[in-house]
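Colleague: what would the 3D arrangement of this be:
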Amino acid sequence: MLDTPRRFFERDSEELAPLLLNKLIVSTIGGERVVGRISEVEAYREDDPASHTYAGRTPRNEAMFGPPGHLYVYLSYGVHHCANVVSAPEGSGQAVLLRAIQPVVGIAPIRRRRGARPDSELANGPGKLCQALGITLAHYGVDLCAADAPVRIVDDGTPPPREPVTGPRIGISKAVDLPWRFRIP
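Modeller: Below is the predicted model:
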């Protein structure tokens, strides 16, 4: 597995999003290593009414304006952690929401963290993904490019799909028409 260089993340979120498909996210949290293949993502930009950065910088969204290749984590409805990969040049307020992974390594910790569920439901949503990987608000701002980071994005040589499935983003009420959701076919 090869580390993903920071320059890979330094592009607009709607360009980065489909390129993240088939990358591996590796978490080493609580002494357990879990690896998942990224299978679904959504792009968000500062000029996007559905983005957390649309109204400007706040303490909550500060990481989205930071250097690309960092993790922006937030709580959805005060319950579910959601993880985003910061993209674009620093100051741009863009990120890609990680919506789903396919487990590759560490199925036992994933099952323990997620409870009794069919394998197809272990990490098929942004909150489920974070729970499966052990990602919490404590991982806000983690540098995904650092070799010793508890969460990293790496490349095993599997290319992104040539024609990912695209469509509208899910669970938002503004800018729902933008086809910035990308999935592995």
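Colleague: any weak-confidence spans in this protein?
Modeller: Applying pLDDT under 70 to the chain flags no residue at all.
Colleague: quick one: the residue most central in space within the chain from residue 108, how far?
Modeller: Per CA atoms, centre = their mean, the C-alpha nearest to the average position across the chain is that of residue 98, at 2.7 Å. Residue 98 sits at a distance of 21 Å from residue 108 (criterion: CB to CB, to the nearest Å). Quick note: C-beta positions are derived from backbone N, CA and C, even for glycine.
Colleague: kindly report the same for residue 68.
Modeller: Counting by CB to CB - residue 68 and residue 108 are separated by 33 Å.
Colleague: same check on residue 133?
Modeller: When residue 133 is compared with residue 108 (using CB to CB), they lie 14 Å apart.
Colleague: and residue 68 and residue 108? Which one has more around it.
Modeller: residue 68 (23 against 10; other CB atoms under 10 Å).
Colleague: so the more buried one, which of the three states?
Modeller: coil (DSSP: H, G, I helix; E, B strand; the rest coil).
Colleague: that one contacts residue 91, doesn't it?
Modeller: No - applying CB atoms under 8 Å as the test, residue 68 and residue 91 come out as separate, 10.4 Å apart.
Colleague: what is the burial count for residue 95?
Modeller: 33.
Colleague: wait, what's in contact with it?
Modeller: 13, 44, 51, 64, 72, 84, 85, 86, 87 (CB atoms under 8 Å, 6 or more residues apart in numbering).
Colleague: what's around residue 7, how many residues?
Modeller: The burial count for residue 7: 10, using other CB under 10 Å.
Colleague: could you do residue 47 as well?
Modeller: Using other CB under 10 Å: residue 47 sits among 11 other residues.
Colleague: check residue 37 too.
Modeller: Using other CB under 10 Å: residue 37 sits among 18 other residues.
Colleague: repeat for the one 3 residues further on
Modeller: Counted with other CB under 10 Å, the neighbours of residue 40 add up to 25.
Colleague: that one and residue 21, how far apart?
Modeller: For residue 40, the distance to residue 21 - CB to CB - is 8 Å.
Colleague: go on, residue 145?
Modeller: 19 Å.
Colleague: check residue 144 too.
Modeller: Taken as CB to CB, the span from residue 144 to residue 21 is 16 Å.
Colleague: where along the chain do the helices fall?
Modeller: 6-9, 13-20, 62-65, 107-114, 126-133 (DSSP state H).
Colleague: name the surrounding residues that touch the first one.
Modeller: It stands for helix 6-9. Against helix 6-9 from outside (CB under 8 Å, 6+ apart): 16, 19, 67, 68, 69, 85, 86, 87, 144, 145.
Colleague: now do the fourth one
Modeller: By CB under 8 Å, 6+ apart, the list of residues contacting helix 107-114 from outside reads 30, 32, 34, 103, 117, 119, 121-123, 128, 131-134.
Colleague: next, the angle helix 126-133 makes with that helix.
Modeller: Interaxial angle, helix 107-114 versus helix 126-133 (axes from the mean of the first three to the mean of the last three CA atoms, to 10 degrees): 130 degrees.
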